Each structure stands twice: as C-alpha cells, then as structure tokens.
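# Okay, predicted coordinates and the sequence, questions at the end:
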Amino acid sequence: MKKTNNRCPKCNARLSPFYLKQTCPKCGVNLMYYRLDERLEEDAKNAAEEVRRVNEFTDMLRASTVKTPLHIIRLILFFTPLASMCLPMYWAGNKEVSLIGFILSIVNHGFDMSVWTKDYLFAVLAMIGVIVFSLAVIIGSLFSAKENGFRRNMALSILNTLVFGVLSVLVCINGGTIMPMDKLTFGFSITCLIYGLEFLFHYLTSDKKTARSRTISFLLTAGCVIAGFGAIISNITIGDTVYVYDYQPQNTKATSVVSFNVAAPWGTPFDGTKSADRCYRFTEYLDCEADLFGTQELNSAWYEKLIKVMPEYDSYAVKRGDDEDENRSEMNGVFWRKDRYTAIEKNTFWLSLTPEKESRFTYVDENGEQQEAGCNRICTYVILEEINGSLLAFLNTHLDNSSEEAMNYGAQLIVDKINEIKAQYAGIHIILTGDFNQTEDGAAYKTISAVLSDTTDKSKEKATWQDWGYTNTGDKPIDFIFTDGNAKNYEVLDDLTEGYVSDHYGIAAEIEW
C-alpha cells in the first residue's frame, strides 16, 4: 500500500516523498500495515465507484451517439461539413475558395496575407469557423443523453450556423456591393443542407419532443434547406456564364498587339483556375480583335482549342521540347488576323549555342563547372505582309527563369536575329512580345531596349506576374511588347471579373509607324 498523500495514516504527520523507512518517524507506527483491512475495504469501495462511473459514462455515450440508427446517422452527419469544405465554398479573391485549395495555396505559394482581399479573408475565416464549431457540435453531441442535452445541441448548432452565416454575408460584401448569388458555390450549398439536417436529427433523436422543440427544429431546418437549395439553383447558371472583358483597341488604323503568358499547363480545379476553364476566358480577351497576339506557356491542348474557336486568325507554334511531359511542352504561339496579314515566312530558333535545333543553353561558370538553362527556350517569329504591301516581323519569346546567363544570351540571339531580318527584308517593321522573367533593371531587357522601344506606359505599369493572386510580386512588369514603331494606348489586361486567366496579366498596345 502507498503512503496516502505522503502522510502518516495514524498521526497525519507529513512525510518526505523520499522517505523510504517502514515506520513513521514521529509516532513509530508501521506505515504499511496500520489499519490495513479498513484501508483495503476503502480502496475496494473507491474502485467499485470508479467502475460504476465509467460504465455510467459509456452508457451515456452509447445513448447519445449509437442508441438507434438515427443516432448513428446524426453522428456521421456531424463530420460531413469538413468534407463539404473540400468543395468550392465561395467565390472570393476572384477565385473559388475551398479547404483543399486554401491548403494547397499555402503549400505552393506561402502564407502572404498582404495579397488577401477582404472577401477572401472572410472566406478563410468562415471555413475555420466551420471546423471549430463543427468540432464543438461533435463534442456537445456526446452528452445528448444528459439533462438539457437537446437544448445544448441546438444552441451549439445555432451558434455554428450563425457564425457561418455572418461570415458568409461578409464574404459576399465586396466594397459594400453584394456579389451575385451564383458566386456562392456548391460547397456552401451542401453545408447549408447539412446544417438543416443537423437540426432535424437533433429533434428526431431527442427524448423530449415538445411542441416548442418541434417548431424550432422545423424552422431552422427549413431555413438551412431553403438557403442550400436556393444556392444550388443559382449555381445552375454558372455553366452559361459569358466572359466579357473590357479591353478594346482605340485606334483601328494602328496595329493592336497583345502579349499573354497563359500558363496553359498549370492551374488547379480547387480554386477555379484549371487549364480547360481558363482557355475560354482567354479567348474573350482576344475578342478585342487584336491584330496580333503572342502567347507564352501555350500547350498543344490550348493551341488546338484556340484554332477552333478563333477561325479569324492564322497561327504558328512549335514545341520547345525536352519537357518531361509533352502536354506541358511550351510553345510561343503567334497569331495574326487573316484579313490583314499573309505569312511569307515562319520560323523558330532555340536560345542556345545551337539555335537551329532543339537544345538547351549551356555554359561554363567561373569555377569551370558546366551549367545550363532551366529548360529549352525558344523564339518563334513570322514575317507578315500586310494588305497595303508593308512587311512586319512579329517575334515572340520567353526567356529563361533560372539562369541569368541564359537570359542574357537569349536576348542577344534575338537582337542578332532582328538585325538579320532587317538585312534580309528592307524597310521591315519589328514587333517583339514576350515574358522576359525580369524587370527593366535586367541586363536582357537592356539588350533588347537598346534596339527596340518598350511600349510600357509608365503611368499604367504594374506587376504582370501575380502568381494567381497568392503572392505580392511588387509593381514592376516582366512581360513586354517591344517595337521600332510608336506605341500608344498601353493597357494591362487585369480584369478578373470572371476569374483568373493566368498567373500573369496580359498586356496590350497599339503601334503606329
């Protein structure tokens, strides 16, 4: 037997935790055997009481959770909001917001709250609220069989629903404007239905079904179900959404040009940026009837779709090669209006030491070690004859993103090709579009700007790479349109009304000679 509370069982003298002798130092009683029978009997009673309490608790848990099939269904139902959040819950921050999408955004883009809009922040808080209060409802339901269990369950579920509802309203308030209901997506709708079923099953599993509890349960259930079905019905129209963007050329006599890194192989269905959806958003930007447009990170799937949906354009694109997945092999596609231009030459060269064949730039660094570009890089160009007989060289490129040496070498190759084209075609005009993966402070940019003019309007410039809105990338562009003509009406194509087209913004300019 232990020395109870480190005290002598006879004289109650305090004993040191490290006192190991068998007799009390004060009264001399044998600590082990003093009133042993009484102490054993007391311990037996305490043990029996503990067993009774454990059995009582487990009986209460069974009665609260698995007493009937309805109890089991209700228990399973409590966990379903955690699953519904994996569906798109809201349209916020110009993208769909789901639990999986939010987690992936943190994993892939980091935790940068400076880029979160208010509606996106409240969307995240609403999902956190669902998690926290769903756990509270689950814990509370374990004590349903106790007195006032029904009231406690209803109170927690009502609080849960109120928090969810208030935060959802805040999501929908964007600068004081209520967003369209079809921006509340299926995850939100299903969560409303689940909350309604929670109220219903609280009532069905209650032992005290009063008229008052029946009325409260009915009203709350009906409210959540109506909200859920209303949101679902409003979502039916999403598939018929027509993407409309507001850029239009202002001078029909000038040459209108668009450059757009479309990120065709990328995006995710968890935030509404999957590739297939964005392809059609992109075509709406081209509804501006640009004369020319150059694309970076175009893949074959997008290219085939663009050819079909934009028959008014001719085009040319070549895969850069050496990609692990050919569906992700970048093409710097060039497109031109059939009614204005005729192609008299189409060509592609690699930004490497062997530009005439598929290859990657390699070099030896200052330590004598072999280095290379991050991937194959190309420049695609066409020589176009306009209906008035003038000639135009339209080049489109995407410089390397991991090697400054590759960037600089590629820029010099492009300048050499421009000089070669000028020597071959007297009086030809030049337009170069591309993602240069550096700002105007970069050496490659300066190499190009030494022979061509940047069309960027300093009063309108902004960061053109925005990482799907997940990262603050400053205020300087890395996408440019260069020309030997006179640029006007520069625009950044940053309208996100219907969602992200890419992790870049497009740019547009009008050029006169």
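Alright, I've got the coordinates.
# same question for stretch 218-228, mean pLDDT?
For stretch 218-228, mean pLDDT rounds to 85.
# Beyond the helix or strand where Leu392 lies, next helix or strand please.
Per DSSP states H and E, Leu392 falls inside strand 391-398. Going down the chain from strand 391-398, the next helix or strand is helix 404-424, by DSSP H and E.
# what's the angle between that next one and strand 391-398?
Here helix 404-424 runs at an angle of 170 degrees relative to strand 391-398 (axes from the mean of the first three to the mean of the last three Cα atoms, to 10 degrees).
# can I have helix 404-424 written out in CSV, keeping just the CAs?
Taking Å, rounded to 0.1, in the frame of the first residue of the first chain, the C-alpha atoms of helix 404-424 are listed here in CSV:
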residue,chain,number,x,y,z
GLU,A,404,20.8,35.0,-65.8
GLU,A,405,23.4,33.9,-68.3
ALA,A,406,20.7,32.1,-70.3
MET,A,407,18.5,35.2,-70.2
ASN,A,408,21.3,37.4,-71.4
TYR,A,409,22.5,35.0,-74.2
GLY,A,410,18.9,34.6,-75.4
ALA,A,411,18.3,38.3,-75.6
GLN,A,412,21.5,38.8,-77.6
LEU,A,413,20.4,36.0,-80.0
ILE,A,414,17.1,37.7,-80.5
VAL,A,415,18.8,41.0,-81.3
ASP,A,416,21.1,39.2,-83.8
LYS,A,417,18.0,37.7,-85.4
ILE,A,418,16.3,41.1,-85.6
ASN,A,419,19.3,42.6,-87.4
GLU,A,420,19.4,39.6,-89.7
ILE,A,421,15.8,40.0,-90.6
LYS,A,422,16.3,43.8,-91.2
ALA,A,423,19.1,43.0,-93.5
GLN,A,424,17.1,40.5,-95.5
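# Give the buried residues for it.
405-411, 413-415, 417-418, 421-422 (16 or more other Cβ atoms under 10 Å). Using the backbone N, CA and C atoms, a C-beta is placed for each residue, glycine as well.
# Report all helices and strands that it contacts.
strand 362-364, strand 378-386, strand 391-398, strand 429-435, helix 443-449 (3 or more Cβ pairs under 8 Å, 6 or more residues apart in numbering; DSSP states H and E).
# redo that, cut-off 10 Å
strand 341-350, strand 362-364, strand 370-372, strand 378-386, strand 391-398, strand 429-435, helix 443-449 (3 or more Cβ pairs under 10 Å, 6 or more residues apart in numbering; DSSP states H and E).
# Quick one: low-confidence residue ranges for the protein.
Applying pLDDT under 70 to the chain flags the ranges 1-5, 174-184, 231-248, 252, 287-288.
# which of the residues in the longest helix seen in it are buried?
Longest helix in the chain, counting residues (DSSP state H): helix 36-65. Neighbour counts over helix 36-65 (16+ other Cβ under 10 Å) mark 60, 63-65 as buried.
# Nearest to Lys357, out of those: which one, please.
Thr65 (69.3 Å; Cβ to Cβ).
# What's the separation between the residue nearest to that closest one when sequence neighbours are not counted and Leu432?
Leaving aside its chain neighbours, Thr65 sits nearest to Leu75 (5.0 Å; criterion: Cβ to Cβ, 6 or more residues apart in numbering). Computed as Cβ to Cβ, to the nearest Å, the Leu75 to Leu432 distance reads 64 Å.
# Which of those two has more residues huddled nearby?
Leu432 (28 against 18; other Cβ atoms under 10 Å).
# I'd say that one and Leu395 touch.
Yes: with contact defined as Cβ atoms under 10 Å, Leu432 counts as touching Leu395 (4.6 Å).
# Which neighbours do the two have in common?
The contact sets of Leu432 and Leu395 overlap at 294, 379, 381, 414, 417-418, 452, 482 (Cβ atoms under 10 Å, 6 or more residues apart in numbering).
# ok, so of these, who is nearest Ser105?
The closest of those, once distances to Ser105 are taken by Cβ to Cβ, is Gly294, at 29.1 Å.
# May I have the host helix or strand of that closest one as PDB, with CA atoms only?
Using DSSP H and E, Gly294 falls within strand 292-296. What follows is strand 292-296, C-alpha atoms only, in PDB (Å, rounded to 0.1, in the frame of the first residue of the first chain):
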ATOM      1  CA  LEU A 292      -1.500  40.200 -83.400                       C
ATOM      2  CA  PHE A 293      -1.000  38.300 -80.200                       C
ATOM      3  CA  GLY A 294       1.800  36.300 -78.900                       C
ATOM      4  CA  THR A 295       1.400  33.600 -76.200                       C
ATOM      5  CA  GLN A 296       3.900  32.100 -73.800                       C
END
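# Okay, now the sheet partners of it, with direction.
strand 255-261 (parallel), strand 334-337 (antiparallel) (DSSP bridges).
# Which parts of the stretch 101-250 of the chain are helices?
All helices of the stretch 101-250 of the chain, identified by DSSP state H, counting those that start in this stretch, fall at 118-141, 149-172, 186-204, 211-235.
# buried sites along the first one?
If I follow you right, that is helix 118-141. 119-124, 126-127, 129-130, 133-134, 137, 140-141.
# Remind me what it packs against, helices and strands.
helix 36-65, helix 69-84, strand 90-92, strand 95-97, helix 99-109, helix 149-172, strand 173-174, helix 186-204.
# Run the chain-centre distance for the second one.
Think helix 69-84. 28 Å (Cα atoms, centre = their mean, to the nearest Å).
# residue contacts, the nearest residue to Arg74 once chain neighbours are set aside?
Using Cβ to Cβ, 6+ apart and skipping the chain neighbours, the partner closest in space to Arg74 is Phe201 (3.9 Å). Phe201 makes contact with 70-71, 73-78, 141, 153, 157, 217, 221, according to Cβ under 10 Å, 6+ apart.
# and which of the residues you listed is nearest to Gly28?
For those, the nearest to Gly28 is Ser141 (57.1 Å; Cβ to Cβ).
# Am I right that that closest one is in contact with Val66?
No: using Cβ under 10 Å, Ser141 is not in contact with Val66; the gap is 11.3 Å.
# Now for the two: what residues contact both?
74-75.
# need the buried residues of helix 404-424 in a markdown table with distance to Asn486, can you?
A markdown table is the format used below for those (distance: Cβ to Cβ, whole Å):
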| residue | distance to Asn486 |
| --- | --- |
| Glu405 | 33 |
| Ala406 | 32 |
| Met407 | 27 |
| Asn408 | 28 |
| Tyr409 | 30 |
| Gly410 | 26 |
| Ala411 | 23 |
| Leu413 | 26 |
| Ile414 | 21 |
| Val415 | 20 |
| Lys417 | 23 |
| Ile418 | 18 |
| Ile421 | 20 |
| Lys422 | 18 |
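# coming back round to it: just the strands paired with strand 292-296: most buried one?
Comparing the strands paired with strand 292-296 by mean neighbour count (mean count of other Cβ atoms under 10 Å), strand 255-261 ranks first with a mean of 26.
# Run through the bridge partners of the residue lying closest to Asp365 once chain neighbours are set aside.
Among residues not flanking Asp365 along the chain, Gln371 sits closest, at 5.1 Å (Cβ to Cβ, 6+ apart). Gln371 has these beta-bridge partners by DSSP bridges: Tyr363.
# Relative to Thr362, how far out is Gln371?
Counting by Cβ to Cβ, the gap from Gln371 to Thr362 is 7 Å.
# joint contacts of those two?
403, 405-406.
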